[in-house]
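S.K.: No letters, just coordinates:
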């Protein structure tokens, strides 16, 4: 998905929050915002993909701020809250494959770019569990999972990955496939890194791999050769969240299933669904 | 006041609202935002003054959008609501000079740049009437008004000018000074133009003059010679709102009294007051 008109202010507002998290020094914040304005003007053009343009700007800002992971604390908080909520859900719900798919979609509300506050997660999850998926191709996804020999699972945000673990567990139950779980090569906003997956024992579900880049999503010009091989051999690709949608909707590849909540107007428009819709949709 | 770190996102968000008001066409909005990103990157630098930088960007956007006054409807609504509220206030309150000064400061909540909604004006005014001025140099201002031979009144936003009319009336009562009331040369965001002042009969309070530019505030490099002469000969300059503060705080001129609500964090910091404070402060 190419950038929409809203992406400029969204990137700018994310830069502001990054700068506020990274330093209290007003002069440093100001200089960082001068840099952000220039970096966005350069990256925000008609062929740009929001996840890629944003990542480039944010990484430039990290470098300027001499802070390689301004989201450390935010991610830690999201992780703790999500861990608790997922544990409650496991005790309370009868979880079949469909529910697991739905929960992994619901987990996608944990998203810095649209202003998620960890404090309110439990209530939000409860509410969304009552909602139907707006696009529901979960039966087809389940069939594909059962038949697949190789499955690639593209994670999104920290905290959300606890919701993913419910689905990954189900996938292990219903499929004999070789499973790969991809994280980012290093910190970028609140995305799951390879290190996060290792720390939380995701080897129990499959092989942990890096996309080979810190750029959000699957930026085809930036991924490693190792990741590209796995991407090419996978029979099913489960792509969580907006960044993976933004990058992969560019290639029409029917192996890809997008699982996400369409939180921002641009992505909702790109998917052809109302803003806020819960979506399990094949990329065709 | 030079730009702060928050000014980048504030300008960007204002551009987004302008584009949304000006056109429904998504492609046109997108192209306008590409232009806005570039214009802001150019105008937002360490020596920039927010009101001036913003105005230049907005006027470039108007030109691109082929819409010379995207705020027409918004201003009309603000005007109608303010007119009604001011009429209620006149019937209900005993208005002395001090109250008139306070009301003109309260009227400054009518501000597009910080997201004012006309619908809620009456309630907000009621609440603020209970508040004290955080900086109150209104006695000094009153004295200066009484002694002055020439008074220059710099207006700010449409709607707010109805609140100004209460103060202008009082000034006429307590002073024999020649009074000049300045509006902008043409439409810029929701600022009062010379045309607005004429339409609403402000000649009854004094001579209506143009700053000679559409740029917000008193941008010293852009004002007309005619305005500069009046600016120079005035004994008291009443400067309403953030734009006039941003431009005039750059010159230390004790003839200037700032009357405003410090709505944004940057202006609050520039004035050394808490955000939201009501201020009547001499420029020394």
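M.R.: Noted; the coordinates are in hand. What you are looking at is a predicted structure, and each value in this text was computed from that prediction instead of being measured.
S.K.: any chance you could map the strands in chain A?
M.R.: For chain A, the strands defined by DSSP state E occupy A:135-136, A:150-154, A:178-183, A:207-210, A:236-240, A:256-261, A:278-282.
S.K.: possible to save those strands as a markdown table with distance to residue B:230 and mean neighbour count?
M.R.: Where C-beta positions appear, they are placed from N, C-alpha and C, glycine not excepted. Listed next are the strands of chain A as a markdown table, based on distance: least, CB to CB, whole Å; neighbours: other CB atoms under 10 Å in any protein chain shown:
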| stretch | distance to residue B:230 | mean neighbour count |
| --- | --- | --- |
| strand A:135-136 | 64 | 16 |
| strand A:150-154 | 65 | 24 |
| strand A:178-183 | 65 | 22 |
| strand A:207-210 | 67 | 18 |
| strand A:236-240 | 63 | 27 |
| strand A:256-261 | 58 | 26 |
| strand A:278-282 | 61 | 22 |
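S.K.: I'd like to know which of these lies nearest to residue B:5.
M.R.: Among the strands of chain A, the nearest to residue B:5 by CB to CB is strand A:256-261 (30.8 Å).
S.K.: For residue A:68, which non-adjacent residue is closest in space?
M.R.: Take residue A:68 and drop its neighbours on the chain: the residue closest to it by CB to CB, 6 or more residues apart in numbering or on different chains is residue A:62, 5.7 Å away.
S.K.: Oh, that last question was meant for residue A:98, not what I typed.
M.R.: Excluding the flanking residues, the one nearest residue A:98 by CB to CB, 6+ apart is residue A:138, at 5.4 Å.
S.K.: picking up where we left off before, just put the strands of chain A in JSON lines and tack on mean pLDDT and distance to residue B:33.
M.R.: Formatted as JSON lines, those follow (pLDDT from 0 to 100; distance: least, CB to CB, whole Å):
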{"stretch": "strand A:135-136", "mean pLDDT": "98", "distance to residue B:33": "28"}
{"stretch": "strand A:150-154", "mean pLDDT": "98", "distance to residue B:33": "29"}
{"stretch": "strand A:178-183", "mean pLDDT": "98", "distance to residue B:33": "32"}
{"stretch": "strand A:207-210", "mean pLDDT": "98", "distance to residue B:33": "33"}
{"stretch": "strand A:236-240", "mean pLDDT": "98", "distance to residue B:33": "27"}
{"stretch": "strand A:256-261", "mean pLDDT": "98", "distance to residue B:33": "24"}
{"stretch": "strand A:278-282", "mean pLDDT": "97", "distance to residue B:33": "26"}
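S.K.: So which bits of chain A are right by chain B?
M.R.: Contact residues (CB under 8 Å from any CB of the partner chain) of chain A with chain B: A:3-9, A:12-13, A:15-16, A:19, A:26, A:29-34, A:36-38, A:40-42, A:44-46, A:269.
S.K.: related to what we said a few turns ago, give me the distance between the residue nearest to residue A:98 and chain B.
M.R.: 31 Å (CB to the nearest CB, to the nearest Å).
S.K.: quick one, what contacts residue A:194?
M.R.: A:183, A:184, A:185, A:208, A:209, A:210 (CB atoms under 8 Å, 6 or more residues apart in numbering or on different chains).
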